[in-house]
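In: Build the 3D model from these lines:
(one chain, ligands or ions: 2)
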Amino acid sequence: MLKKLSACVREYKRDSILTPLFIAFEVLLECILPLITASLINTLQSFSLETKTSSSGIVGGINSILMGWANGDVIVGIVFHGVILVVFAILSLSCGAIAGKTVANASAGFAKNLRHDLFYAVQDFSFANIDKFSSTSLVTRLTTDVANVQNAYMMVIRGGIRGPMMFTISIILSFQISKTVSLITLGLMLVMATFGILLFRKVMPIFKRIFKKYDKLNQSVQENVRGMRVVKAYVREDYEKDKFSAASNNLKSDFIYAEKIMAFLEPMMSSVMYIAMLFTVFIGSVIALGMAKPLGDNIQVGEISSLIQYAMQTLMSLMMLSMIFVMVTMAVESGRRITEVLDEKSTITNPENPVTVVENGSVEFRNVSFKYSEKAKRNSLSDVNLNINSGETVGILGGTGSAKSTLIQLIPRLYDTTEGEVFVGGRNVKEYDIESLRNAVSVVLQKNELFSGTIKDNLRWGNKEATDEEMKQACVLACADSFIETFPDGYDTYIEQGGSNVSGGQKQRLCIARALLKKPKILILDDSTSAVDMKTDAMIRKAFAEKIPDTTKIIIAQRVASVQDADKIVVMDGGKIVAVGKHAELMQTSDIYQDVYRSQNKEDK
Ligand SMILES: Nc1ncnc2c1ncn2[C@@H]1O[C@H](COP(=O)(O)OP(=O)(O)OP(=O)(O)O)[C@@H](O)[C@H]1O
Ligand SMILES: [Mg+2]
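Out: Ligands and ions are numbered 1, 2, ... in the order given. Now for the predicted structure:
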């Protein structure tokens, strides 16, 4: 998982390396500052007492260097101290600011690459891959999960070096100054760390649970908002409100419980900090006043202030490390969900040396069986053998669930067969370059979509370079031109997401026009005129017969009238082809066809 995720850092590697470097400088300077302050206080003290007390140890070293530069002159020494304090503080701030910029670049860039890779992976998915992940789950992975990983990454490259470095240097330097005081501080920290670990162990499972529940809540909100019209039509608002409130309250209780436990953390940290300060000041003063000679430490007032600062820095670094731990633990689950998508291999890929030209519009199914997943017990399609000549019009009829859509999805290789082979233009579909095949085989899917944008934008999905004239021709063929012209903005009318501002029949006709713009060798309409009135349906078929006679047309329909004139009618039942023939033949030979015909033409009886 780590390898896969870190591969997404790419061009932001430089920023990701610079961040800890600048942070390291910042920490180093921050740790030196208390020493200079201590030396300054010691100088001030010796000045006010007018006695030359010489400090020892590391602070003493700094003091003697600076006082050496000042030739022992206390006033000049104080000015030197001040200047160096300011310079160090500015340097430390600058390092912090630069690190802030690089960390923002690195983490935002990393997240951008993650989203990019995820999106591209999803674009390569076949229908079978899409069946595996639900669309809402893919949206959550692209948004919330990426944000979690981004936050964790930011914490790690910033705090991953800051926490341990600050902790180590502060401890070492404070030991240099006074072993006794440092040991006491360290002891207090250990007590606090133990408490902290106990607290996290209790609270982490709750946070993990909360994240899972968040996911569910997101999914339910997305589903509800998408299906808002259906919710209203079924007057299910109250039920949906209750469902949402229950989920939301449940989440609230978990949050309150977790936060209640976490609420202990802050007072605990503050108490430990104040106790540490108290001890430092008390013991430090005792030692400084020379009342604790047996402890072997020799410190002065200035050093007490640096001991307090080191105690605080140690505590801060501990807090930072614990935050990183929490963020990373939370992001692991998100990282896993992201890599699951990145690792998913498309079930349909281009062959080596693919064929890019589809010779003609013939189709052949040879002993084809198909099931949607390996685990499925039954085949959705069994033992299909079918021959369609180029330029023929073929109707497919059958009850719901008889696998009509399943059958036609195998032609443009939206799914691969489980057994047997499908041939288009005399070649196995698996030999073609997928894009070339799908350009030659244009399908108007049963569950079709329009996208937000103008009518022209939507039509150009069929052909990027289509001229206005070509678009108009396609729309005339699909009987869409007449209603588009009635819109005030004509072909520039804006289509809302999902085509919600056009009628069902209008949407279907726009989808047909879009498919026609590909100028395909094979045109497949999967129940694409179900919402169109009978007269317009007949007009579309007539236009097809006259204007695109060479294109193979495969039309799935519920109405016999829609396929009656076809060269060939395929009757399907229970995933099998049960009859093939012209209308007149089928009226003689197929019981199912006769039943369907009679039920739709009662007045003829
Ligand atoms: N994506 C899918 N995953 C799993 N099973 C599916 C999927 N799509 C369809 N099926 C199943 O395959 C069978 C055939 O479905 P198909 O959509 O091909 O029927 P259809 O003849 O087109 O029906 P309709 O007239 O209602 O459109 C059904 O039993 C259905 O439950
Ligand atoms: Mg169908």
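In: Centroid-nearest residue for the chain?
Out: Central residue of the chain (C-alpha atoms, centre = their mean): residue 142, 1.1 Å from the mean position.
In: got a list of what the nearest residue to it once chain neighbours are set aside touches?
Out: Nearest residue to residue 142, sequence neighbours excluded (C-beta to C-beta, 6 or more residues apart in numbering): residue 118, at 5.3 Å. Heads up, the C-betas are built off the backbone N, CA and C, glycines and all. Going by C-beta atoms under 8 Å, 6 or more residues apart in numbering, residue 118 touches 141-142, 146, 338, 341-342.
In: and of the residues you listed, the nearest to ligand 2?
Out: Nearest to ligand 2, judged by C-beta to the ion, of those is residue 341 at 27.8 Å.
In: which element follows the host helix or strand of that closest one toward the C-terminus?
Out: According to DSSP states H and E, residue 341 maps onto helix 301-343. Once the chain leaves helix 301-343, the next helix or strand it forms, by DSSP H and E, is strand 363-370.
In: So which bits of the helix or strand just after that following strand are buried?
Out: Counting by DSSP H and E, the next helix or strand C-terminal to strand 363-370 is strand 381-388. For strand 381-388, the neighbour count (16 or more other C-beta atoms under 10 Å) marks 381-382, 384, 386, 388 as buried.
In: out of those, which one sits closest to residue 258?
Out: residue 381 (50.6 Å; C-beta to C-beta).
In: who does the closest one bridge with?
Out: Residue 381 has these beta-bridge partners by DSSP bridges: residue 370.
In: That one is in contact with residue 405, isn't it?
Out: No - between residue 381 and residue 405 no contact is recorded; they are 10.3 Å apart, counting by C-beta atoms under 8 Å.
In: residue ranges with poor pLDDT in the stretch 51-200 of the chain?
Out: Under the criterion pLDDT under 70, the flagged ranges of the stretch 51-200 of the chain are 51-56.
In: where does the residue nearest to residue 142 fall, helix, sheet strand or coil?
Out: Using DSSP: H, G, I helix; E, B strand; the rest coil, the structure places residue 118 in helix.
In: what's near enough to touch the residue nearest to the centre of the chain?
Out: If you count contacts by C-beta under 8 Å, 6+ apart, residue 142 has them with 115, 118-119, 122.
In: same thing with residue 30?
Out: 92, 166, 313.
In: Tell me the most packed of these, by neighbour count.
Out: Among the contacts of residue 30, residue 166 has the most neighbours (other C-beta atoms under 10 Å), with 25 neighbours.
In: What separation is there between it and ligand 2?
Out: As judged by C-beta to the ion, to the nearest Å, residue 166 and ligand 2 stand 64 Å apart.
In: quick one: secondary structure of that residue?
Out: helix.
In: Let me know the pLDDT of the closest residue to it other than its chain neighbours.
Out: Nearest residue to residue 166, sequence neighbours excluded (C-beta to C-beta, 6+ apart): residue 317, at 4.0 Å. You'll see residue 317 listed with a pLDDT of 89.
In: What is the burial count for residue 317?
Out: 23.
In: So what's the residue count around residue 463?
Out: 17.
In: Next, give phi and psi for it.
Out: phi -160, psi 110 (degrees, to the nearest 10).
In: try residue 420
Out: phi 80, psi -180.
In: Tell me which residue in this structure sits closest to ligand 2.
Out: Closest point on the chain to ligand 2, by C-beta to the ion, is residue 405, at 3.1 Å.
In: in what helix or strand does that residue lie?
Out: In this structure, residue 405 sits in helix 404-409 according to DSSP H and E.
In: what about the helix or strand containing residue 103, distance to the chain center?
Out: Assigned by DSSP H and E, residue 103 belongs to helix 74-123. With C-alpha atoms, centre = their mean, to the nearest Å as the basis, helix 74-123 stands 27 Å off its chain's centre.
In: Report the angle between it and helix 301-343.
Out: Following axes from the mean of the first three to the mean of the last three C-alpha atoms, to 10 degrees, one obtains 10 degrees for the angle between helix 74-123 and helix 301-343.
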